[in-house]
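Chemist: Quick one, fold the following:
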Amino acid sequence: MRVLVTGGAGYIGSHTLLELMAQGHEVCVLDNYSNATPEVLNRVRSLSNGTVTDFTGDVRDPAMLDEVMQNFRPDAVIHFAGLKAVGESEEKPLVYYDVNVGGTLALLHAMDRVNCRKIIFSSSATVYGEPVYLPYDEAHPTAPMSVYGQSKLMAENILTNWAKATPDASSVLLRYFNPVGAHHSSRIGEDPKDIPNNLMPFIAQVAVGKRDALTVFGDDYDTPDGTGLRDYIHVVDLARAHVAALNYAENATGARPFNIGTGQSYSVRDMVAAFERACGHTIPTKLAPRRAGDIAAMQADATRASQELGWNAEHGLDDMTASTWAWQSANPNGYDS
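Modeler: From the prediction side, this is the model:
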């Protein structure tokens, strides 16, 4: 298939490109590089020995979208392009709605203009909010606690309504838990442009000496060690979930959400200990108050993805931390190394 990947130069997008190309799909990337660099695509081309068509532009720009659609004529779209920092979303709500919701609307309009009917959406488990029960399944009530989560749920609703109203359309909504890790080559990985908002890249930057200590936000949660519990998933497993979703979308219509996680949760202190095993030295930490929008625990029930997509996570915690350390130590300054 010919697959347009918005935000394809990002962390998850770049790993997904490799998995798509390994399965023989043709890929085209649209990215504005607000949280990425063109060097990513150079490395993807080198690792795959394949062709990546790319356009530089914003997913909210109708003229740019039309140019991409007319030139590439995609059979399907994988939509990663968006903003993803929970804390920042509380400070800049209009920006998050503009990019995450407005970008999705603009993309669907552009798809309609070329009769492209299949989309895989990068959603988030934050759409669930405070758990009524754990693990979350896809029937769990949705009540996001952050603007980021609200923007993802709004986009899901738009995609669901579009698929219902559009003949032969398929929207596959992938609700990610916590992506971590890096490609086994150590050539691509997570490279935040500013202070990392997520746990693993922050730990990695402390381990490599870029930062003095990891800030632990709250140790008074109702969890075994007081720190937040999260379901972490290796980015390569997550990338492969997109290929499985694409295969599913070929024969499916309507909208369908899927949890993409492992079903196993780890605390902040668990992750620090695992990373210390990977890098061989202590990770300094300091305590700070809880962050707004954070919850005590998250855990996926990924049964639907297993049964309907034929997908299962294969990488364990030590794979996640070892690959992150291999990437960070080989590229201490990320793609600027």
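
Chemist: alpha carbons only for contacts and neighbour counts from here, please
Modeler: Fine.

Chemist: so how far is stretch 22-39 from its chain's centroid?
Modeler: 14 Å (Cα atoms, centre = their mean, to the nearest Å).

Chemist: Between the two ends of that stretch, what distance do you get?
Modeler: For stretch 22-39, the first and last residues are 20 Å from each other (Cα to Cα, to the nearest Å).

Chemist: Please state the mean pLDDT value computed over it.
Modeler: Regarding stretch 22-39, the rounded mean pLDDT is 97.

Chemist: Show me which residues of it are buried.
Modeler: For stretch 22-39, the neighbour count (16 or more other Cα atoms under 10 Å) marks 26-33, 35-37 as buried.

Chemist: residues in contact with residue 276?
Modeler: Listed by Cα atoms under 8 Å, 6 or more residues apart in numbering, the contact partners of residue 276 are 282-283.

Chemist: May I have the phi/psi pair for it?
Modeler: Here is the backbone geometry of residue 276 (degrees, to the nearest 10): phi -60, psi -40.

Chemist: pLDDT value on it, please?
Modeler: The model's pLDDT for residue 276 equals 97.

Chemist: Of the buried residues of stretch 22-39, which belong to strands?
Modeler: When the buried residues of stretch 22-39 are checked against strands (DSSP state E), the matches are 26-31.

Chemist: Tell me where the model's unsure across the stretch 1-150 of the chain.
Modeler: For the stretch 1-150 of the chain, no stretch has pLDDT under 70.

Chemist: swap the cut-off to 90 and go again
Modeler: Within the stretch 1-150 of the chain, the segments meeting pLDDT under 90 span 85-87.

Chemist: Spell out the residue ranges of the strands in it.
Modeler: Taking DSSP state E, counting those that start in this stretch as the criterion, the stretch 1-150 of the chain contains strands spanning 2-6, 26-31, 52-56, 76-79, 118-124.

Chemist: can you list contacts of the first one?
Modeler: Strand 2-6 has contacts (Cα under 8 Å, 6+ apart) with 13, 17, 25-31, 59, 72-81.

Chemist: let's go with 10 Å and repeat that
Modeler: Contacts to strand 2-6, defined as Cα atoms under 10 Å, 6 or more residues apart in numbering, come from residues 13-14, 16-17, 20-21, 24-32, 53-55, 57-59, 68-69, 72-82, 107, 118-120, 246.

Chemist: re earlier: mind picking the two most distant members of the buried residues of stretch 22-39?
Modeler: 26 and 35 (23.7 Å; Cα to Cα).

Chemist: The helix ranked longest in the chain vs strand 118-124, what angle?
Modeler: Secondary structure of the chain per DSSP state H: the longest helix is helix 147-165. Inter-element angle recorded for helix 147-165 and strand 118-124: 160 degrees (by axes from the mean of the first three to the mean of the last three Cα atoms, to 10 degrees).

Chemist: What are the buried residues along helix 147-165?
Modeler: With burial defined by 16+ other Cα under 10 Å, the residues of helix 147-165 counted as buried are 147-156, 158-160, 162-164.

Chemist: Which single one of the residues you listed is nearest to residue 196?
Modeler: residue 148 (16.1 Å).

Chemist: tell me the contacts of the closest one?
Modeler: Contacts for residue 148 were tallied using Cα under 10 Å, 6+ apart; they are 82-90, 92-93, 96-97, 100, 124, 126-127, 154, 293.

Chemist: do the same with residue 39
Modeler: Under the criterion of Cα under 10 Å, 6+ apart, the contact list for residue 39 reads 9, 45, 188, 335-336.

Chemist: Check the residues you listed and tell me the two furthest apart.
Modeler: For these, the farthest-apart pair by Cα to Cα is 45 and 336; their separation is 17.5 Å.

Chemist: Would you mind telling me which of the two has the busier surroundings?
Modeler: A side-by-side neighbour count of residue 45 and residue 336, using other Cα atoms under 10 Å, places residue 45 first with 16 against 9.

Chemist: quick one, what contacts that one?
Modeler: Residue 45 neighbours (Cα under 10 Å, 6+ apart): 17-18, 21, 39, 51-52.
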